[in-house]
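Q: Build me a model from this:
(one chain, ligands or ions: 1)
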Amino acid sequence: MATPKQKPVTFSILTLFPKMFKGPFSESMLKRAQDDGKVIINIYNLRDWAEGKQKQVDDEPFGGGPGMVLKPEPIFKAVKDITESYTKIRGNAEDHTHVILLTPKGRTYNHRITEKLSGISHILLICGHYEGVDHRVFDHLAEERVSIGNYILTGGEIPAMIIVDSVTRQVNGVLGSEMSKEGESFSFTTKGLLKYPVYTRPDDYEGISVPEVLTSGNHKEIEQWRKDAAEELTKEYRPDLLDRKSGYF
Ligand code: ADE
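A: Down below sits the predicted model:
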């Protein structure tokens, strides 16, 4: 079945380290998705909105404490300018800009958020750095605050890449076939189970052979084997997924 046409998803990334994005966005599916006009990725250097000779983007925390905090003014100004320029280029005021702050203080990222974001036309990702971002950005600028897991990274750049990557592959027409999304771990179609194990040629590698049923040609048995194997795998490696209240979906 032909996939319905979707307008491109535009990602705007606000960062102090634009060069970090060069490699990951210029290879494989992310490159193809951009070449095909399915997604547009704009990288903006936060320092371009910093004022003064020093182009200062950070300052000491009020009340003391270690490290430096990203100042609010350059971030608020940048978000305003990027939002306005997107609206101007798109010429459609209905195209809302969805502002996300990447921060370990945010809600944990999951597949449900990925699916929601793939239907939004402009996603603006703010990459935090240093000891943190002035909390007025968290409270008054970001519409969503996202952590990609319970660990602290050096900044929001790698989390931003993860969001761009995971959302892009949800955009219609980016995967070779819409079928590839089916049966995948964390997709609703697997009812919350990990994907079944997959194998390819050779059927015997140095004495390690693939389950016989997969080469039998019996599709009914293959389907049953995959269902059982998915359940077994989930029980062993991700028993938390079997608890439907776990919040992953
Ligand atoms: N910045 C630093 N650590 C992070 C995390 N786990 N998620 C999102 N942004 C971050």
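
Q: show me where the chain has helices.
A: Ranges of helices in the chain, per DSSP state H, are 28-35, 72-90, 111-117, 135-140, 157-168, 219-237.

Q: What residues sit buried inside the first one?
A: Pointing back at helix 28-35 there. Buried residues in helix 28-35, defined by neighbour count with 16 or more other C-beta atoms under 10 Å: 30, 33-34. Glycine gets a C-beta too; all of them are placed from N, C-alpha and C.

Q: Distance from the chain centre to that helix, please.
A: Computed by C-alpha atoms, centre = their mean, to the nearest Å, the separation of helix 28-35 from the middle of its chain amounts to 15 Å.

Q: Show me the shaky parts of this structure.
A: Within the chain, the stretches with pLDDT under 70 are 1-5, 177-183, 185-190, 244-249.

Q: all strands of it, in order?
A: 9-15, 39-45, 58-59, 69-70, 97-108, 122-127, 132-133, 144-147, 204-205, 208-209 (DSSP state E).

Q: would you list these in TSV and tack on distance to residue 154?
A: Below are the strands of the chain laid out as TSV (distance: least, C-beta to C-beta, whole Å):
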stretch	distance to residue 154
strand 9-15	12
strand 39-45	17
strand 58-59	14
strand 69-70	14
strand 97-108	11
strand 122-127	10
strand 132-133	13
strand 144-147	14
strand 204-205	39
strand 208-209	39
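
Q: Close to the ligand: what parts of the chain are there?
A: 102-104, 128, 147-149, 151-153, 155-156, 159 (C-beta under 6 Å from any ligand atom).

Q: Give me the residue at the spatial middle of the protein.
A: residue 163 (1.4 Å; C-alpha atoms, centre = their mean).

Q: Is that residue in contact with residue 124, as I believe?
A: No - assessed by C-beta atoms under 8 Å, residue 163 is found out of contact with residue 124, at 11.2 Å.

Q: where do the contact lists of those two overlap?
A: Residues touching both residue 163 and residue 124 by C-beta atoms under 8 Å, 6 or more residues apart in numbering: 11, 100.

Q: which residues touch the residue nearest to the centre of the chain?
A: The contact partners of residue 163, taken as C-beta under 8 Å, 6+ apart, are 11, 100, 102, 109, 114, 117, 123, 125, 146, 148.

Q: cool, residue 104 as well?
A: 147, 150-153.

Q: Would you mind giving me the ChimeraX syntax to select the buried ones in those residues?
A: Listed next is the ChimeraX selection for buried residues among the contacts of residue 104, using 16+ other C-beta under 10 Å:
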select :147
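
Q: From the contacts of residue 104, pick the one nearest residue 20.
A: residue 153 (11.6 Å; C-beta to C-beta).

Q: leaving aside the residues next to it on the chain, what's closest to the closest one?
A: residue 159 (6.7 Å; C-beta to C-beta, 6 or more residues apart in numbering).

Q: try residue 65
A: Using C-beta to C-beta, 6+ apart, the closest residue to residue 65 is residue 131 (7.3 Å).

Q: Now do the same contact list for the closest residue to residue 229 other than its chain neighbours.
A: For residue 229, ignoring the flanking residues on the chain, the nearest one in space by C-beta to C-beta, 6+ apart is residue 196 at 4.8 Å. Under the criterion of C-beta under 8 Å, 6+ apart, the neighbours of residue 196 are 183, 225-227, 229-230, 233.

Q: rerun at 7 Å
A: 226, 229-230 (C-beta atoms under 7 Å, 6 or more residues apart in numbering).

Q: just to revisit the earlier point, count of neighbours near the residue nearest to residue 153?
A: 23 (other C-beta atoms under 10 Å).

Q: Pretty sure residue 149 is one of the things it touches, is it not?
A: No - contact status for residue 159 versus residue 149: not in contact, 8.6 Å apart, counting by C-beta atoms under 7 Å.

Q: Can you give the contact residues for stretch 218-227?
A: 196, 211, 213-214.

Q: give me that answer again for 8 Å
A: Outside stretch 218-227, the residues that reach it (C-beta under 8 Å, 6+ apart) are 196, 211, 213-214, 216.
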